[in-house]
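Visitor: my questions are about this predicted structure, shown below with the sequence.
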Amino acid sequence: MEDAVWLREMLSLEMEVRPPRNLKAEQKFLDGNVATLRHDGRIIGYTDLRDYGKTAEITTFIIDPKYRGMGNASKLVLKAIESCPQQIILCCTKNPKMAKVLENCGFEITHWPGLKEYFLLTINTIKRIFSMIFRFEFKRLWIQAKGFMKYKIYKLEKQ
């Protein structure tokens with residue numbers, strides 16, 4: 001449950017990612033399709049991997065602030081790629097540092113990931129918006145919405 005406490009704390013601090021849920025729900029996320037990064041046995045990085053059939057999406061990417069600027073974001077992206085069975089991996093970001101990490105790991109900007117993938121990305125965005133509204137996360141919603149047009153879709157096709 002220690003990892004779930006960490007995840008909930010990080011989600012509370014980071015306004016650019018999904019809202020935090022209760023500890024039981026966060027533990028369920030941790031037990032699912034995720035990649036984590038650890039230092040001395042403690043979790044310092046986390047990302048979800050959404051399965052879209054032949055494609056996956058790296059979402060909710062978090063590195064503990066104490067461990068940023070040390071190459072850990074790249075390590076976590078590479079770990080997510082390695083653990084992902086899909087040949088095509090997507091990631092959406094407006095963060096220039098994250099964009100640089102993705103590019104260094106072989107991702108390229110794409111404007112059209114495919115009809116099914118674009119549809120699923122749109123549905124997930126709508127679900128996230130409603131989640132923030134129903135949780136009264138208006139500050140988080142505002143922060144994410146004000147930069148909506150800056151988001152870019154990155155795509156990696158594994159060899």
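Guide: Happy to help now that I have it.
Visitor: nearest spatial neighbour of residue 15, skipping sequence neighbours?
Guide: Sequence neighbours aside, residue 143 is the residue nearest to residue 15 in space, at 4.3 Å (criterion: Cβ to Cβ, 6 or more residues apart in numbering). Where C-beta positions appear, they are placed from N, C-alpha and C, glycine not excepted.
Visitor: what's the burial count for residue 72?
Guide: Close neighbours of residue 72, defined as other Cβ atoms under 10 Å, add up to 17.
Visitor: quick one, what contacts it?
Guide: Residue 72 sits next to 37, 44, 45, 63 when contact means Cβ atoms under 8 Å, 6 or more residues apart in numbering.
Visitor: so the second one is in contact with residue 38, correct?
Guide: Meaning residue 44. Yes. If you go by Cβ atoms under 8 Å, residue 44 and residue 38 touch, sitting 6.4 Å apart.
Visitor: who has more neighbours out of these two?
Guide: Shown here are residue 44 and residue 38; by other Cβ under 10 Å, residue 44 has more neighbours (22 against 10).
Visitor: measure that one to residue 71 for me?
Guide: 12 Å (Cβ to Cβ, to the nearest Å).
Visitor: same question, residue 2
Guide: Residue 2 is 24 Å from residue 71, by Cβ to Cβ.
Visitor: what segments of the protein are helices?
Guide: 2-13, 23-30, 72-83, 96-104, 115-134, 138-146 (DSSP state H).
Visitor: out of those helices, nearest to residue 49?
Guide: Among these, helix 72-83 comes nearest to residue 49, with 6.0 Å by Cβ to Cβ.
Visitor: may I have the closest one exported as CSV, CA atoms only?
Guide: Only the C-alpha atoms of helix 72-83 are listed here, as CSV (Å, rounded to 0.1, in the frame of the first residue of the first chain):
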residue,chain,number,x,y,z
ASN,A,72,15.0,8.6,-14.8
ALA,A,73,12.3,9.8,-17.2
SER,A,74,14.2,8.1,-20.1
LYS,A,75,14.7,4.9,-18.0
LEU,A,76,10.9,4.8,-17.3
VAL,A,77,10.0,5.3,-20.9
LEU,A,78,12.4,2.6,-22.0
LYS,A,79,11.0,0.3,-19.3
ALA,A,80,7.5,1.0,-20.5
ILE,A,81,8.5,0.2,-24.1
GLU,A,82,10.2,-3.0,-23.1
SER,A,83,7.2,-4.2,-21.1
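Visitor: that'll do, ta.
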